[in-house]
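**Student:** Below: sequence and its predicted model.
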Amino acid sequence: MEEFHVSTSRQYQVVDITAKVKEIVRKSGVKEGICLVYVPHATAAVTINESADPEVGNDLLGALAAMVPEGKWRHDRIDDNAAAHIKAAIVGPSETIPVKDGQLLLGTWQAIMLVDFDGPRRRRVAVQIQ
Ligand code: ZN
């Protein structure tokens, strides 16, 4: 398993990590298999979507903000970040991507994105290929 870190700079942020994951796939030498991308965090997530237009990521953040208002949840009494936990649970902590001919099987407009809902923080990303 390989790991790398992403330092976010804002409270809510979408970071394209596709290039890092592609490099790990290339170095692995695996030609056919599965690539798991996972964040071991309760307030960050991983998704696959378009990053060519950064407004897609901003729209995702906006939609989740509209769905999950801040400051009205029980966990806010503990550390005031319940909305971040709920959004991370909706998006989920991992994605699994097929590896074909040594390449991630991503569509033209698909990118792998880390989504931070409680930044800025240093986030870990684990990549398992087999
Ligand atoms: Zn919390």
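**Tutor:** Good, I have the coordinates.
**Student:** can we go C-alpha only for contacts and neighbour counts from here?
**Tutor:** Noted.
**Student:** mind checking the longest helix of the protein?
**Tutor:** Longest helix of the chain, by residue count under DSSP state H: helix 54-67.
**Student:** if we look at the helix or strand that that one is followed by, which residues are touching it?
**Tutor:** On the C-terminal side of helix 54-67, the closest following helix or strand by DSSP states H and E is helix 76-79. For helix 76-79, the surrounding residues in contact (Cα atoms under 8 Å, 6 or more residues apart in numbering) are residue 82.
**Student:** And the following helix or strand past helix 76-79, what does it pack against?
**Tutor:** For helix 76-79, the following helix or strand on the C-terminal side (DSSP H and E) is helix 82-91. Applying 3 or more Cα pairs under 8 Å, 6 or more residues apart in numbering; DSSP states H and E, we find helix 82-91 packed against strand 44-49.
**Student:** Each with direction, which strands does the strand it packs on pair with?
**Tutor:** Strands that pair with strand 44-49, judged by DSSP bridges, come out as strand 111-116 (antiparallel).
**Student:** Show me which residues of the lowest-mean-pLDDT helix or strand in the chain are buried.
**Tutor:** Least confident helix or strand of the chain, by mean pLDDT, DSSP states H and E, is helix 76-79 with a mean of 96. Residues of helix 76-79 include none that count as buried (16 or more other Cα atoms under 10 Å).
**Student:** Give me the three-state assignment for residue 4.
**Tutor:** On the three-state scheme (DSSP: H, G, I helix; E, B strand; the rest coil), residue 4 is labelled strand.
**Student:** Next up, the contacts around the residue lying closest to it once chain neighbours are set aside.
**Tutor:** The spatially closest residue to residue 4, leaving aside those adjacent along the chain, is residue 125, at 5.4 Å (Cα to Cα, 6 or more residues apart in numbering). Residues near residue 125 by Cα under 8 Å, 6+ apart: 3, 4, 5, 6, 37, 38, 39, 40.
**Student:** The first one against residue 123, yeah?
**Tutor:** No - contact status for residue 3 versus residue 123: not in contact, 10.4 Å apart, counting by Cα atoms under 8 Å.
**Student:** what about these two, which has more around it?
**Tutor:** residue 123 (19 against 15; other Cα atoms under 10 Å).
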